[in-house]
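Colleague: coordinates only, sequence not included:
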């Protein structure tokens, strides 16, 4: 590795570390102040507050803070070189901007991969623990938590899809239960509700037997399920708590049951596409930073944050269009990346001139 590359990478990583730490600190402090009155009113012990933010922080870092820190680090590192006339010195010595940016782009790719792995292996688990802890701290009713379908695979091989839970009544609302045999669906149960009184009672539904191609409609039914209501409270997950392999399996199970999977597919593609956010915003930050000497850091940061909000807006718009069926799930998720790649290519071409 050349001295120039080490110099560029060292400056960028230093700025990234400082930005990540500063933004994370600000995020936690602001969030804590917003919730402090509730913590005090509910007499939440300090240990639980600490644990809450221990779970909250990795989720915030991988899904909000890290891409912003990459963007700021790119502008700060290259912008400092520009303001100190070091870029002019590098160009005078025959080093092009593209060659100068190459190690930073490589580091940006590695950071994006690292953020993706951290989100998969740490943030999904942290999000699950945070939700369970939030139930205890804020005493929120389970059905008040905004979410999509909940699913659970029981030890005896049953696959449950539940629209809503009512904890105080030990009730599942609008559920579908699949039983698989050698990779295909053997039976499917659809019911309006199921109630738990040390055993399950299911009401207003149908039981389909796909092997015999028959179904039975019932007003009440007592299945022999090994899963308990507690399992749904503490083992069922929301989409944002699923790792990508788990989400893929979930989608495949829903497809096998003839269910619509558009929302889940949009979530899957968005999760994958978002992993490149840090790399893409870095491509935009670098050419912006070159002009910092002329326009100033304030303008550079303002433009960069504007791009962040535009990216977020495109992401939400794409997800909405995908879930509405106006765009394919893949295109809906990758639309922001495609738009910003075009913007980055234009900016890099302009700065080259």
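Modeller: Received the coordinates, thanks. Every value quoted in this text rests on a predicted model; they were computed, and no experiment measured them.
Colleague: for the helix or strand harbouring residue 251, the distance to its chain's centre please.
Modeller: Following DSSP states H and E, one finds residue 251 within helix 244-256. Computed by Cα atoms, centre = their mean, to the nearest Å, the chain-centroid distance of helix 244-256 equals 17 Å.
Colleague: again, but for stretch 157-172
Modeller: The answer for stretch 157-172 is 24 Å, by Cα atoms, centre = their mean.
Colleague: next SSE downstream of the longest helix anywhere in the chain?
Modeller: Counting residues, the longest helix found in the chain (DSSP state H) is helix 3-41. From helix 3-41 onward toward the C-terminus, using DSSP H and E, the following helix or strand is helix 46-60.
Colleague: following element in sequence after that next one, please.
Modeller: helix 66-83.
Colleague: how far does that next one sit from its chain's centre?
Modeller: That offset, for helix 66-83, works out to 24 Å (Cα atoms, centre = their mean).
Colleague: helices or strands up against the helix or strand just after that helix?
Modeller: Going down the chain from helix 66-83, the next helix or strand is helix 86-92, by DSSP H and E. When contacts are defined as 3 or more Cβ pairs under 8 Å, 6 or more residues apart in numbering; DSSP states H and E, helix 86-92 sits against helix 66-83, helix 97-118. Backbone N, C-alpha and C define where each C-beta goes, glycine included.
Colleague: next, the buried residues of helix 86-92.
Modeller: 87, 90 (16 or more other Cβ atoms under 10 Å).
Colleague: try stretch 241-258
Modeller: Using 16+ other Cβ under 10 Å as the test for burial, stretch 241-258 gives 241-244, 246-247, 250-251, 253-254, 257.
Colleague: equivalent analysis for stretch 271-280, please.
Modeller: Under the neighbour-count criterion of 16+ other Cβ under 10 Å, stretch 271-280 has 271, 273-280 buried.
Colleague: number of nearby residues for residue 109?
Modeller: The number of residues packed near residue 109 is 14, by other Cβ atoms under 10 Å.
Colleague: can you tell me which of the helices and strands packed on helix 86-92 the model trusts least?
Modeller: Within these, confidence is poorest for helix 66-83, with a mean of 84 (mean pLDDT).
Colleague: please report the distance of residue 276 from residue 58.
Modeller: 19 Å (Cβ to Cβ, to the nearest Å).
Colleague: give me the low-pLDDT residue ranges for the stretch 201-350 of the chain?
Modeller: The stretch 201-350 of the chain contains residues with pLDDT under 70 at 234-236, 256-257, 291-301, 304.
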